[in-house]
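okay, here's the prediction I keep looking at, along with the sequence it came from:
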Amino acid sequence: MLNKVYQILPKAETVFKICYLLLVLFSFNALVAGHALLTVLNYVLVAFGAVLLLLRAFRFKQYLNTGSSVLLVLFCVSMAVSSLLNRKYGILENVQALTWTTLQFGMLYLCDKKRSVSEYKREFVILASIFSVYVLLANIASIAMFFAHYGVFGQFSFNGNIIGFVWGRLWGVHSDPNNGSVMCVASIVLCICAWIAIPAKKKKAFKAFLCVNIILDYCYIMLSDSRTGMVCTLIGVACVLFFYLSAKLFREKGFKPIIKNCICFVLAIVISGTLFYASQLMKSGYNYTVEKIIAMRAETPDFNKDDFSATLITGRDSADTESDISNRRFDLWKSGLEIWKTSPIVGVSQRNITPYAKDVLPNTYLVNNDMGAFDTTHNMFIDVLVSQGAVGILLLLAFFVCIAVLIVRRFLLVESNRTSIYHIALFSVLVVFACSCMFVLDVLYLNSAATVMFWSSLGYFVHSLRSNEAQQ
């Protein structure tokens, strides 16, 4: 009986990942976020994942090959200890966070060493396809809202979420423009890789889909006015282009690798920067046109210039960044370090940052500012430092250092791996989300599409590199 269960386990795990991705995509959809049905599905998915994780536990040796898995186990232990020691500020939300983190590490990151690379490659293609199609549909709906001058928030919204074009930024159906723009960057990267992987004379309809998706992705990033999205776009697209160009150009023998890489790096930056600049130029041109229309209609009776500008002019208020280019992030990071100093070893627990700060440091910027209390420092590493102290951050850094060593040794220094479009896609997606987590809460402590795609991609990447290592 147990053997039959293990035979269908790979398919069950794929179903779990698909369901997990779909759940977080809709959980960050402003039209349905917070719906009671999603809460029920959360519990169902947790139960499903717990059963699969238990089955994995009986064959845990098959999953230890993924890489530095012991460090992730210790990280979860650190998370539990921090939550327990700070239980007076709240425990239930920390238990929920620990549960999801365990599933992210245990079900998304850890891969079965007996499963082939091609199996996980097919699984990645499925997840990437679902992700890209969703982003395309979300962009169509969001951009339609922009041209329809639709924007509601707070008490004006049917579910209390911000929807459409508000405050000079396109939120659309995304619950946050930063989250939506980073998803668009990941979609651009995946579409470029899919375009490269398809033979030139085949599947023109699919290439048209990829082209439309990329254009709409750029449009959403432009209209969302997300600087996090802009940074991720420059770096993510440049990353894909660098590896693609280095695989295609200067393939003749005798060409010095360092010169080749330098040339490819410069070309990648120039092309990525040009595409980015073109999107910003379109934005400026659009705003210039709207301003001209406003000037022409200014003398028209019953014409409300302020209302017209608010529903059409893109770009946030300059006051947001005029005196602080980081838009409060520097103050939040400084405040995070102040909170960490009060509990430097084990931290204050992630879901209790705000109540802890109000109790111990009521004057710190995180809870004492003109915007209201924040529950994150908008930087994953500082959040970990505050939440789990020196123990948590050292475990996380040790994990990423081990992964970085593997990537350098088995990806960057191995020609066959560095030219594989599968590896390029995985690495580029990881780079995009690694960039985003420096400015917004992502990858850890959050149930988002970025989290699911990051840990799944990292697991596939490490599994493939380890498999190649074992074959040599």
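Okay, I see it. Remember, predicted model here, so these are calculated numbers, not experimental data.

name the SS class of residue 345, please.
What DSSP: H, G, I helix; E, B strand; the rest coil gives for residue 345 is coil.

which ones are touching it?
By CB atoms under 8 Å, 6 or more residues apart in numbering, residue 345 lies in contact with 389-391. To be clear about C-beta, it is placed using only N, CA and C from the backbone, and glycine gets the same treatment.

now those residues in JSON lines, please, with extra columns for distance to residue 438 and pLDDT.
Converted to JSON lines, the contacts of residue 345 look like this (distance: CB to CB, whole Å; pLDDT from 0 to 100):
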{"residue": "389", "distance to residue 438": "20", "pLDDT": "92"}
{"residue": "390", "distance to residue 438": "20", "pLDDT": "94"}
{"residue": "391", "distance to residue 438": "22", "pLDDT": "94"}
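
ok, and the most crowded of these?
residue 389 (22 neighbours; other CB atoms under 10 Å).

right, and it touches residue 342 too?
No: Residue 389 lies out of contact with residue 342 (CB atoms under 8 Å); the separation is 10.2 Å.

just for this protein, where's the confidence low?
For the chain, applying pLDDT under 70 flags the ranges 1-3, 5-6, 65-67, 154-160, 200-202, 250-255, 297-326, 468-472.

please, where are all the helices along the stretch 1-150 of the chain?
Along the stretch 1-150 of the chain, the segments classed as helices by DSSP state H, counting those that start in this stretch run 2-27, 36-57, 69-85, 92-103, 117-147.

what would these look like in TSV with distance to residue 427?
What follows is those, written out as TSV (distance: least, CB to CB, whole Å):
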stretch	distance to residue 427
helix 2-27	19
helix 36-57	26
helix 69-85	20
helix 92-103	23
helix 117-147	12
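
redo those as CSV? Include mean neighbour count and distance to residue 163.
Putting the helices of the stretch 1-150 of the chain into CSV (neighbours: other CB atoms under 10 Å; distance: least, CB to CB, whole Å) gives the following:
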stretch, mean neighbour count, distance to residue 163
helix 2-27, 15, 14
helix 36-57, 14, 17
helix 69-85, 19, 34
helix 92-103, 18, 26
helix 117-147, 18, 7
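
between these, which one is nearest to residue 260?
Comparing the helices of the stretch 1-150 of the chain by their distance to residue 260 (CB to CB), the top pick is helix 117-147, with 27.4 Å.

packing partners for the next helix-or-strand element following that closest one?
Counting by DSSP states H and E, the next helix or strand C-terminal to helix 117-147 is strand 151-152. In terms of contacts (3 or more CB pairs under 8 Å, 6 or more residues apart in numbering; DSSP states H and E), strand 151-152 is packed against strand 163-166.

and the gap between the closest residue to residue 106 other than its chain neighbours and residue 395?
Leaving aside its sequence neighbours, residue 106 sits nearest to residue 53 (CB to CB, 6 or more residues apart in numbering; 4.9 Å). Here the criterion is CB to CB, to the nearest Å. By it, residue 53 lies 20 Å from residue 395.

ditto for residue 48
With CB to CB as the criterion, residue 48 and residue 395 are 28 Å apart.

over to residue 85?
Counting by CB to CB, the gap from residue 85 to residue 395 is 16 Å.

what count of nearby residues applies to residue 274?
By other CB under 10 Å, the residues close to residue 274 number 10.

hang on, the earlier thing: out of the helices of the stretch 1-150 of the chain, nearest to residue 351?
Closest approach to residue 351 among the helices of the stretch 1-150 of the chain (CB to CB): helix 92-103, 3.9 Å.

sorry, back to before: out of the contacts of residue 345, which are inside helices?
Among the contacts of residue 345, the members falling in helices are 389-391 (criterion: DSSP state H).

of all the residues you listed, which comes closest to residue 257?
Nearest to residue 257 among those, counting by CB to CB, is residue 390 at 39.5 Å.

follow-up on the earlier one: got the contact list for the residue nearest to residue 106?
Applying CB under 8 Å, 6+ apart, we find residue 53 in contact with 102-103, 106-107.

ok so, going back, which among the ones in helices among the contacts of residue 345 gets closest to residue 423?
Nearest to residue 423, judged by CB to CB, of the ones in helices among the contacts of residue 345 is residue 391 at 32.9 Å.

who's in contact with the closest residue to the closest one other than its chain neighbours?
Take residue 391 and drop its neighbours on the chain: the residue closest to it by CB to CB, 6+ apart is residue 78, 4.9 Å away. If you count contacts by CB under 8 Å, 6+ apart, residue 78 has them with 346, 388-389, 391-392, 395.

if anything else comes up later, I'll come back, but that's it for now.
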